[in-house]
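Starting from these lines, generate the structure:
(chains A and B)
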Amino acid sequence: MIQATELTKRYGTRLAVDHADFTVAPGKVTGFLGPNGAGKSTTMRMILGLDRPTSGSVTINGVPYHRLAAPLREVGALLDAKAVHGGRSAYNHLLVLAKANGLPRSRVDAVIDLVGLHSVAGKRSGGFSLGMGQRLGIAAALLGDPGIVMFDEPVNGLDPEGILWIRNLMKALAAEGRTVFVSSHLMSEMALTADHLVVIGLGRILADEPMAEFIAKNSVSYVRVRSPQPAELAPKLALRGWRVERQPDESLHVYDTQPAQIGDVAGAEGLWLHELTLVQSSLEEAFMRLTAGSVEYHAGQSDDQGSPDGPAVAGWGTPLESQAPQAPQVEERIQ
Amino acid sequence: MAARDSVMTPIATRDAGTGHAHFGRLLLAEWTKIRSVRSTYWSLIALIIAFLFFSWLFPYLTVVNWKQASPEQQANLYLDPIGSITGSGLFIGQLAVAVLGVMVTASEYSTGMIRSTLLASPHRVRMLAAKSIVFTLLILVIGEVIAFLGFFIGRQTFKSLVSVDLNSGNVREVFGVGLYLAMLGLFALVVGALLRHVAGAITGIVALLLVISNLIQLIPGRIGKYLYTYEPTNAGFVITAKRLPDNFLISSWQGYGVFALWTAVLWALAAYLLVRRDA
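Residues are numbered from 1 along each chain as shown, chains lettered A, B, ... in the order given. Here you go, the predicted model:
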């Protein structure tokens, strides 16, 4: 169990972490999601006692990290950057850590086998690829068979096979009742592994809820309608009680309904349709929407972020002005 | 790899022992660190070879060129034969110790290893103490071994000119070599911990040893004498010398005490900053 209370880190005038409150519970994978520079690594480093909080506190099973008597038995961590001396072999790196906590040599062999570094264990880690370095970091994290594991961007540099491996590993660790806290800037990655989600943006906790809840709340779908007569079609659709948004490009986004029903309305009204598409907004978009105000570095054109539908963040258009009064006769005619 | 890993669950049996980060375990960890990187071996080989070679070379050249030597140089040999044997080897060898001392701490920062270190031993002062003890003892042992080896090599070489025998009056000059190197190693380790930057710390300490320690002699008057005497490496070096340099204000043991005091103060500062600063 990791518990952060009003956790704050300030660098000069910049608040890297801003009064963060969250709890990471055992038995599930908790995703720590945020854009680059949101404060994920800083938060993790404060949990591990590497960085000193400006104010607030964070505890591990009730005590700050620096007061843990058997640190590697309680917490294992893979940090974002390499935390090894490149001149030392993988085996000796793990042996140093094992000795510091009185862990038996058999643990070193066990974790080397677990991460599949057996063939290169005697080689100096300076020559390791990014993926091998990640595996060595994971081996170090699991050395003390800890009840809490923290991974900072673990899939970085891993090939697809390695990514699959670490996903399964994290799920297996959580299934054994351990606390698993994993950071990522990729919503898609989190959607595949995390049971619980803590979202951070510009140092502030923006969401802290079960993944299922986050999905239900944030996965939006709508029907995109193009018609040469949008001004006539829109009020007709609105009359059915559907939310209609008129886009700058004259297309309509219609919520709470299905394409077939819109087609029926248009047909009954004798209006032309050029496009009728069901658009499922992805979790990635939901995440971007959530953190839209808190991204530190925007790309040049914020209008083109790869969503299937042009503007992803601010592109929700303006709700149609005409909240037309109910017109029963129209409705009757349609039905 | 994939087929096995994808179904693999971590070792569920809790066979990892108690896992407490005792001081004794930190000593073992630091020892394991030192003996598992090549820079240790290269630096120590450089120290041993340089020291022993110069312990032979300088006496040999003295013997060969005895006839051409000035009366002053000849007198110098009779006055301080041990200094003639160990002085030049120490001058070179101390650089290897200084470099290694800096590496022991500063390379933890340049490589990122410090984060792994502090995760395993979050009590930072305890970690620094373990590192200091292991490294200082290592240099002390090696320093004493090469001091006496070098002395015997030099004595053999000098045999035709002067016989040098160890006695209670001069043995301090020989084991002073190990004492000086050990304290210098610890001093360099502390500088590395303070600066956290390998190149910066090495530059600083080499400048101190080779340039600053001598240049401050040029400052005139009593201030110059004080600065020269209390500069840490000058103060420490006199433990290896029979005669104190001109202008030196304190005794050999007092000088070594001054060096130790400098080191202790900087160690305390390094420990304080280690706790205060983000790793």
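
can you give me phi and psi for the closest residue to chain B within the stretch 201-335 of chain A?
Taking CB to the nearest CB, chain B has its nearest neighbour within the stretch 201-335 of chain A at residue A:203, 15.9 Å off. C-betas here are computed from N, CA, C, even on glycine. Backbone torsions for residue A:203, taken as degrees, to the nearest 10, come to phi 80, psi -10.

Touching, it and residue A:37? I think so.
No. Checked against CB atoms under 8 Å, the pair residue A:203 and residue A:37 is beyond contact range at 9.3 Å.

more crowded one of those two?
Taking other CB atoms under 10 Å in any protein chain shown, residue A:203 and residue A:37 do not tie; residue A:203 has more neighbours (25 against 18).

how close does the more buried one get to residue A:7?
Computed as CB to CB, to the nearest Å, the residue A:203 to residue A:7 distance reads 10 Å.

Mind listing the shared neighbours of those two?
A:17, A:20 (CB atoms under 8 Å, 6 or more residues apart in numbering or on different chains).

so who does the residue of the stretch 201-335 of chain A closest to chain B touch?
The contact partners of residue A:203, taken as CB under 8 Å, 6+ apart, are A:9, A:15, A:16, A:17, A:18, A:20, A:38, A:39.

Just to check, residue B:180 is in contact with residue B:234?
No. Residue B:180 lies out of contact with residue B:234 (CB under 8 Å); the separation is 11.1 Å.

which one of the two has more residues nearby?
Applying other CB under 10 Å to residue B:180 and residue B:234 shows that residue B:180 carries more neighbours, namely 27 against 23.

mind saving the C-alpha coords of stretch B:165-185 as PDB?
C-alpha atoms of stretch B:165-185 as PDB (Å, rounded to 0.1, in the frame of the first residue of the first chain):
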ATOM      1  CA  ASP B 165      68.000   0.700   8.600                       C
ATOM      2  CA  LEU B 166      64.600   0.900  10.000                       C
ATOM      3  CA  ASN B 167      64.400   2.100  13.600                       C
ATOM      4  CA  SER B 168      61.900   3.700  15.900                       C
ATOM      5  CA  GLY B 169      63.100   7.100  14.700                       C
ATOM      6  CA  ASN B 170      62.400   6.600  11.000                       C
ATOM      7  CA  VAL B 171      59.800   3.800  10.600                       C
ATOM      8  CA  ARG B 172      57.100   6.500  10.800                       C
ATOM      9  CA  GLU B 173      58.300   7.800   7.400                       C
ATOM     10  CA  VAL B 174      57.700   4.400   5.800                       C
ATOM     11  CA  PHE B 175      54.300   3.600   7.200                       C
ATOM     12  CA  GLY B 176      53.400   7.300   6.800                       C
ATOM     13  CA  VAL B 177      53.200   6.500   3.100                       C
ATOM     14  CA  GLY B 178      50.200   4.200   3.700                       C
ATOM     15  CA  LEU B 179      48.700   6.600   6.200                       C
ATOM     16  CA  TYR B 180      49.000   9.500   3.700                       C
ATOM     17  CA  LEU B 181      47.600   7.600   0.800                       C
ATOM     18  CA  ALA B 182      44.600   6.300   2.800                       C
ATOM     19  CA  MET B 183      43.700   9.700   4.100                       C
ATOM     20  CA  LEU B 184      44.100  11.200   0.600                       C
ATOM     21  CA  GLY B 185      41.900   8.400  -0.800                       C
END
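
Mind checking the pLDDT average for that stretch?
Stretch B:165-185 carries an average pLDDT of 94.

any idea how far the closest residue to residue B:44 other than its chain neighbours is from residue A:35?
Nearest non-adjacent residue to residue B:44, counting by CB to CB, 6 or more residues apart in numbering or on different chains: residue B:142, 6.3 Å away. The gap separating residue B:142 from residue A:35 is 52 Å, by CB to CB.

can you map out the helices along chain B?
Taking DSSP state H as the test, the helices found in chain B are B:2-7, B:23-35, B:38-64, B:71-79, B:81-111, B:113-120, B:124-158, B:171-195, B:198-207, B:213-215, B:221-230, B:232-237, B:252-276.
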